[in-house]
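> Build me a structure from this.
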Amino acid sequence: MAVAIVVGAARGIGAAVAVRLAEQGWDLALGDVCEDDAELAYPLGSSTELEGVAVKCRNSGITVGVAKCDVRVLSEMEALTAQARTLGEVHAVVYVAGVLGGSGLAWEVDDATFERDLDVNFRGLVNAARATVPTLLSNAPNSRFVAVLSASSHSGLPLLSSYAASKHAAAGYLHSLAIDLAAHGVTVNGVSPGSTDTRLLQATAAVYDLKNVSEFAEQQRIGRLLDPAEIASAVSWLVSPEASGVTGSVVRVDGIFTG
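Purely as a prediction, here's the structure:
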């Protein structure tokens, strides 16, 4: 079976993507930062969580490699890609890594907050493309690059201007990447989730002084939070042969997000 790289796989949407692809028979190379960032107000994915996801995936009878991967460091992204190549032909890359770097009124957000958001949500995505696209090209056609973005890729969010800006930048980069790869058998797409029941949403709730993440359900016409598995379903379709004609798109899985 072909190999997929999933970056940001320790929990939440990334973990759900890994499990879904394993169920479909993909061999996997899973990466996550596996250490906290003192500048962030919440814990990041751990090595224990990442290995737990790997165990679940192996229960599907597939081969799984795991690696610590800080997407801000190109050499670590390259090392994850090299590990993936030892498992077989790499035909899919799914970038799920993301952070909420801080909050504040748009005109008061400091440079450090912008850098935290841009470093992972945008520059990390660029590093992922730099590290993996040559491999995807070598195994084309039928290669896929998918990034999980955010509903804020399409609109602004109160008190989260740096996060929204980083997601807009990521969406623009993805579209340009899709254009550059269109004639080479590699499709490039994004998935923009609405409010999804993850650790990141808990951090967002703290920004707005919400007592429970369930209050975010009011932002979506379906009247509930999304489950990470619902996002994973969209990703799994985009990396499948059935999505061969889809590139340069961002699929909204947001329950009609109203913000």
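> For the helix ranked longest in the chain, the averaged confidence score.
Longest helix in the chain, counting residues (DSSP state H): helix 161-181. For helix 161-181, the mean per-residue pLDDT is 97.
> Can you spell out which helices and strands pack onto that helix?
Identification of packing neighbours for helix 161-181 by 3 or more C-beta pairs under 8 Å, 6 or more residues apart in numbering; DSSP states H and E yields helix 111-118, helix 124-138, strand 143-148, strand 186-193. All C-beta atoms are positioned from the backbone trio N, CA, C, and that covers glycine.
> Indicate which one of those is closest to A38.
helix 111-118 (11.2 Å; C-beta to C-beta).
> so what does that closest one touch, helix or strand wise?
Counting by 3+ C-beta pairs under 8 Å, 6+ apart, helix 111-118 packs on helix 161-181.
> Kindly export the helix it packs on (C-alpha atoms) in CSV.
Extracted in CSV, the C-alpha atoms of helix 161-181 (Å, rounded to 0.1, in the frame of the first residue of the first chain):
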residue,chain,number,x,y,z
SER,A,161,-6.2,38.5,13.9
SER,A,162,-2.8,36.8,13.9
TYR,A,163,-4.3,33.4,13.8
ALA,A,164,-6.7,34.4,11.0
ALA,A,165,-3.9,36.1,9.0
SER,A,166,-1.7,33.0,9.2
LYS,A,167,-4.6,30.8,8.0
HIS,A,168,-5.3,33.2,5.1
ALA,A,169,-1.6,33.0,4.2
ALA,A,170,-1.7,29.2,4.3
ALA,A,171,-4.8,29.1,2.0
GLY,A,172,-3.1,31.5,-0.5
TYR,A,173,0.1,29.4,-0.5
LEU,A,174,-1.9,26.2,-1.1
HIS,A,175,-3.6,27.6,-4.1
SER,A,176,-0.3,28.7,-5.7
LEU,A,177,1.2,25.4,-4.9
ALA,A,178,-1.7,23.7,-6.6
ILE,A,179,-1.2,25.8,-9.7
ASP,A,180,2.6,25.0,-9.8
LEU,A,181,1.9,21.3,-9.5
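> ok, and for it, which residues are buried?
For helix 161-181, the buried set under the neighbour-count rule, 16 or more other C-beta atoms under 10 Å, comprises 161-171, 173-175, 177-178, 181.
> Ranking helices and strands of the chain by mean pLDDT, which lands last?
Using mean pLDDT, DSSP states H and E, the weakest-scoring helix or strand in the chain turns out to be helix 199-207, at a mean of 88.
> what's the neighbour count on L100?
Neighbour count for L100, taken as other C-beta atoms under 10 Å: 26.
> any idea how far the nearest residue to it once chain neighbours are set aside is from V66?
With C-beta to C-beta, 6 or more residues apart in numbering as the criterion, L100 has its nearest non-adjacent residue at 4.9 Å, and that residue is A203. Distance of A203 to V66, given as C-beta to C-beta, to the nearest Å: 24 Å.
> same thing with G8?
For G8, the distance to V66 - C-beta to C-beta - is 13 Å.
> Of these two, which one has the most company?
G8 (30 against 23).
> show me what contacts L118?
Going by C-beta atoms under 8 Å, 6 or more residues apart in numbering, L118 touches S162, A165, S166, A169.
> will you turn those residues into TSV that also has distance to P141?
As requested, the contacts of L118 are arranged in TSV below (distance: C-beta to C-beta, whole Å):
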residue	distance to P141
S162	38
A165	34
S166	31
A169	28
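> what's the overlap in contacts for G8 and V66?
Common neighbours of G8 and V66 (C-beta under 8 Å, 6+ apart) are G31.
> where exactly do the helices run in the stretch 1-150 of the chain?
With DSSP state H, counting those that start in this stretch, the ranges of helices along the stretch 1-150 of the chain come out as 12-23, 47-58, 74-87, 111-118, 124-138.
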